[in-house]
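In: have a look; sequence and predicted model below, questions after that.
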Amino acid sequence: MPTVSKGDGMRGLAVFISDIRNCKSKEAEIKRINKELANIRSKFKGDKALDGYSKKKYVCKLLFIFLLGHDIDFGHMEAVNLLSSNKYTEKQIGYLFISVLVNSNSDLIRLINNGIKNDLASRNPTFMNLALHCIANVGSREMAEAFAFEIPSILVAGDTMDSVKQSAALCLLRLNRTSPDLVPMGEWTARVVHLLNDQHLGVVTAATSLITTLAQKSPDDFKTSISLAVARLSRIVTSASIDLQDYTYYFVAAPWLSVKLLRLLQCYPPPEDAALRSRLTECLETILNKAQEPPKSKKVQHSNAKNAVLFEAISLIIHHDSEPTLLVRACNQLGQFLQHRETNLRYLALESMCTLASSEFSHEAVKTHIDTVINALKTERDVSVRQRAVDLLYAMCDRSNAKQIVAEMLSYLETADYSIREEIVLKVAILAEKYAVDYTWYVDTILNLIRVAGDYVSEEVWYRVIQIVINRDDVQGYAAKTVFEALQAPACHENLVKVGGYILGEFGNLIAGDSRSSPLVQFNLLHSKFHLCSVPTRALLLSAYIKFINLFPEVKATIQDVLRSDSQLRNADVELQQRAVEYLKLSCIASTDILATVLEEMPPFPERESSILAKLKKKKGPGKLPDIDDNRRNVNGSSEHSENTDTTSKASAHPFTDILNLNSTPSTGPNLLVDVFSDSSTSASVDVSEDNFSRFVCKNNGVIYENQLLQIGLKSEYRQNLGRIYVFYGNKTSTQFLSFSSFVTTSDILKSQLNVHAKTVDPVIEGGAQVQQILNIECVSDFIDAPVLNIQFRYGGTLQNIAVKLPVMLNKFFQPTEMTSQDFFQRWKQLGAPQQEVQKIFKAQHPMDTDVTKAKILGFGVALLDGVDPNPANFVGAGVIHTKSTQVGCLLRLEPNAQAQMYRLTLRTSRESVSQRLCELLGEQF
């Protein structure tokens, strides 16, 4: 870097900055700035022979004014002219101005690119570095198109200086991140790998970052980097600190390069070559050995650098998962950190041990630290460390220690932070079910869970305990007795009332022989909780009462009096009123045999993945999930049961089926029963139904179609360019559906844009039953049309045909992106081309509620960015559309005008068709 001579100091700039700092008010500052802007404008217009020093000084002043927050609308041409100067300081200021102020869509971009090309061709290393830094800072698509072929050539050229190679590698890395489709893979990729052997460690460090990113995209092209990375790593870890004096940081040899090399090796499986694998193992053992050595310095920088290399080495050991000795040593090393005085080390140790616990080689070694982890759970002051301790206990649990771990989690739950209680509840419920040898212990655990943390017990938890009790005859009597005793407490959580109502309604007869739990006592106990419960729980209790009439005829009159009371028949809530009317009528007109048939005991539920486990996977987020076969986080970021408040459940042969709705999306809203006495009927439509299509733009779950015969519900999940839809077909009649089939059709254009694979569905759907079909979806490229679900079946000898438009829209493949205000507006300016922006101004179709608007934008799939827009009433979002062929970044801005009841929606993406489609979809929601 050239030195700046004393004459290069700009006194006029220093005076101007001093004047600004001495201003007593905002008005005085603006006045001084306006005066200076007028002076600069006159100089640029009037003096055509302005020298380079003056141009540099005035451009610096404009840059300073811009950084103060004022708009600059002139001076760009003068900055571009500075690029042609042969003086370093003038060229530097020109590039600085361009990097900060020039929009990538500016008319000057061609002149700027020409200036950059001249500097890259000059072979002057200082000028080349300035040009490369400018390209990396701007990182626009236009610059990527102009220089994506030239920069690799500079990088691998034999006569390029080391400092330029560093800049070229980092510049190429930046372009690959912003425009990966424009960075060509060619002959240079094989040559860039050999930079790992370069004598200059700065070049190696920059090249390693680039190769790691490229290897993640095309691993086969960079396989040769494995041997070179191992060789370079071996030389570093075996060297003395004096050997790499310029790259030794507090007695740790090249820590940043070591970390990057270890991270590069995590892109590949263990080396197949025995000699190479042995050398890598030796490197890892050396790193673990150095961790045991006494520190060479007491300064925190030394321990940070040393531990950074150690943890990255442990990550590589865990990634390879093939060397039992290394895994156990890594576990023991992490175990020492569990009681370290540094909080960050304890956190990282717990996090790494969670991964180690899943390895068959190190699971037993992890279990030896159970007492230390339990102690951390009880004594840690940092909530994030306690949460990692909970994760580790969950990961190390097996049949040998399940009861101990569950007991400790339950004990901790009473004093746990509110932010992690729901997650602990889910984990306790999963562990209790997974490792329950004695199901009486499982029932006791779940009831204790509800008692300790009832507000955090989600619907999935008590749904699951109901499923297990119904499916296991040996525990039904014990469950009935236990919930009956638990309900006798003066204060019961509502979730316990739900479980008690369901279980006593089904199995209360198993404990009715004891006078202390006679039918009338059971009924009075449940009814004493009735008035304290919410509407959904009251609806469940009413269903329990009608079950009691079937199980215990002796309490029929008492229950009918309750159903006949004004508080039920004239209830303000339509759900409760309708249940009371229909249950009362059913109990009066139905014979004993009919009543026994209609209200018979629930059949066992089909075995399937625990809904609690699915909820926990959603809660942990997509980064923790292995593949698409697992349930994933809802793109709205909300839990399942809060998604679909308008889903209606219908009465079937078993009234409890409607309340639990176990095979479809749970609903928190009141559900309306079908009028079982109605004679009305409608014919199925053969036209494609689109009635509910737009309602699914901002949500994933709900009822997409319903007529008198059939109800179709959807539950969807998406991750990057892959999606899965669970389709639930519910037979609302008492007659079988025969020859039932469903298939998905797509238009000719859509076939090349979207791949849809439908699994087969059962050909017979019993009356009142429900079956599930899974649709797997892959987004190949952006699309507009939607697939159609076609259903055929025979009902009463008549063939029924139904076609429903599936709510698979482009926004479903969003991944939300968090951005700072600076990054957002920089990217916003870069996407300023007319074809990249779509704007729509429209009248509000719904009440302009801020919370509802936020929920819809989040449901649309983007991240809602707070504090980015200067106007707090506006909504700003960012996300990336993932397709198989490419990724499309998207920025949106929604500006509401409450007074005029209008919205202005602006979307900017790098692809015109995507901008248009997203604007159409979102604009219909407000």
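Out: Happy to help now that I have it.

In: when you work out contacts or count neighbours from here on, use the C-alpha atoms and nothing else.
Out: Fine.

In: surely Phe842 is in contact with Met902?
Out: Yes: applying CA atoms under 8 Å, one finds Phe842 in contact with Met902, separated by 5.7 Å.

In: more neighbours, the two?
Out: Neighbours were counted for Phe842 and for Met902 using other CA atoms under 10 Å; Met902 has more, 17 against 14.

In: once you drop chain neighbours, what's closest to the more buried one?
Out: Lys843 (4.5 Å; CA to CA, 6 or more residues apart in numbering).

In: if you tally nearby residues, what's the number for the one you found?
Out: By the measure other CA under 10 Å, the count of residues near Lys843 is 14.

In: distance of it relative to Gln476?
Out: 58 Å (CA to CA, to the nearest Å).

In: what of Arg451?
Out: Using CA to CA, Arg451 is found at 20 Å from Gln476.

In: between the two, which is the more surrounded one?
Out: Using other CA under 10 Å, the more surrounded residue of Arg451 and Gln476 is Gln476, with 24 against 19.

In: relative to Gly508, how far out is the more buried one?
Out: In terms of CA to CA, Gln476 sits 9 Å off from Gly508.

In: same check, this time on Pro294
Out: When distance is defined by CA to CA, Pro294 is 67 Å away from Gly508.

In: got the CA positions of the helix or strand in which Phe548 is found in CSV?
Out: Following DSSP states H and E, the helix or strand that holds Phe548 is helix 535-551. What follows is helix 535-551, C-alpha atoms only, in CSV (Å, rounded to 0.1, in the frame of the first residue of the first chain):
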residue,chain,number,x,y,z
VAL,A,535,-65.7,-23.5,24.8
PRO,A,536,-63.6,-26.3,23.1
THR,A,537,-63.2,-28.1,26.5
ARG,A,538,-67.0,-27.7,27.3
ALA,A,539,-67.7,-29.2,23.9
LEU,A,540,-65.5,-32.2,24.7
LEU,A,541,-67.3,-32.6,28.1
LEU,A,542,-70.7,-32.6,26.4
SER,A,543,-69.5,-35.5,24.2
ALA,A,544,-68.3,-37.2,27.4
TYR,A,545,-71.8,-36.8,28.9
ILE,A,546,-73.5,-38.5,25.9
LYS,A,547,-70.9,-41.3,26.2
PHE,A,548,-72.0,-41.6,29.9
ILE,A,549,-75.6,-42.1,28.8
ASN,A,550,-74.5,-45.1,26.8
LEU,A,551,-72.2,-46.5,29.4
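
In: and the next helix or strand past it?
Out: Note on helix 535-551: by DSSP H and E, the next helix or strand toward the C-terminus is helix 556-564.

In: what does that following helix rub up against?
Out: Helix 556-564 has contacts (CA atoms under 8 Å, 6 or more residues apart in numbering) with 545-546, 548-549, 568-569, 580-581, 583-584, 587.

In: pull out the buried positions in that helix.
Out: Under the neighbour-count criterion of 16 or more other CA atoms under 10 Å, helix 556-564 has 556, 559-560, 562-564 buried.

In: same for the next helix or strand along the chain from that helix, what does it pack against?
Out: Later in the chain than helix 556-564, the nearest helix or strand by DSSP H and E is helix 566-569. Under the contact definition 3 or more CA pairs under 8 Å, 6 or more residues apart in numbering; DSSP states H and E, helix 566-569 sits against helix 574-589.

In: so for the helix it packs on, mean pLDDT?
Out: For helix 574-589, mean pLDDT is 90.

In: same deal with stretch 119-127?
Out: For stretch 119-127, mean pLDDT is 90.

In: any idea how far apart the tips of that stretch sit?
Out: 6 Å.

In: please save the CA atoms from stretch 101-116 in CSV.
Out: Taking C-alpha atoms only, stretch 101-116 is exported to CSV below (Å, rounded to 0.1, in the frame of the first residue of the first chain):
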residue,chain,number,x,y,z
LEU,A,101,-22.9,5.9,-3.8
VAL,A,102,-23.1,4.5,-7.3
ASN,A,103,-26.1,2.3,-7.9
SER,A,104,-25.5,-0.9,-9.9
ASN,A,105,-28.1,0.2,-12.4
SER,A,106,-26.6,3.6,-12.9
ASP,A,107,-25.9,4.9,-16.4
LEU,A,108,-22.3,5.3,-15.4
ILE,A,109,-21.8,1.6,-14.8
ARG,A,110,-20.3,1.1,-18.2
LEU,A,111,-17.7,3.8,-17.7
ILE,A,112,-16.9,2.4,-14.2
ASN,A,113,-16.5,-1.1,-15.7
ASN,A,114,-14.1,0.4,-18.3
GLY,A,115,-12.1,2.1,-15.6
ILE,A,116,-11.9,-1.2,-13.6
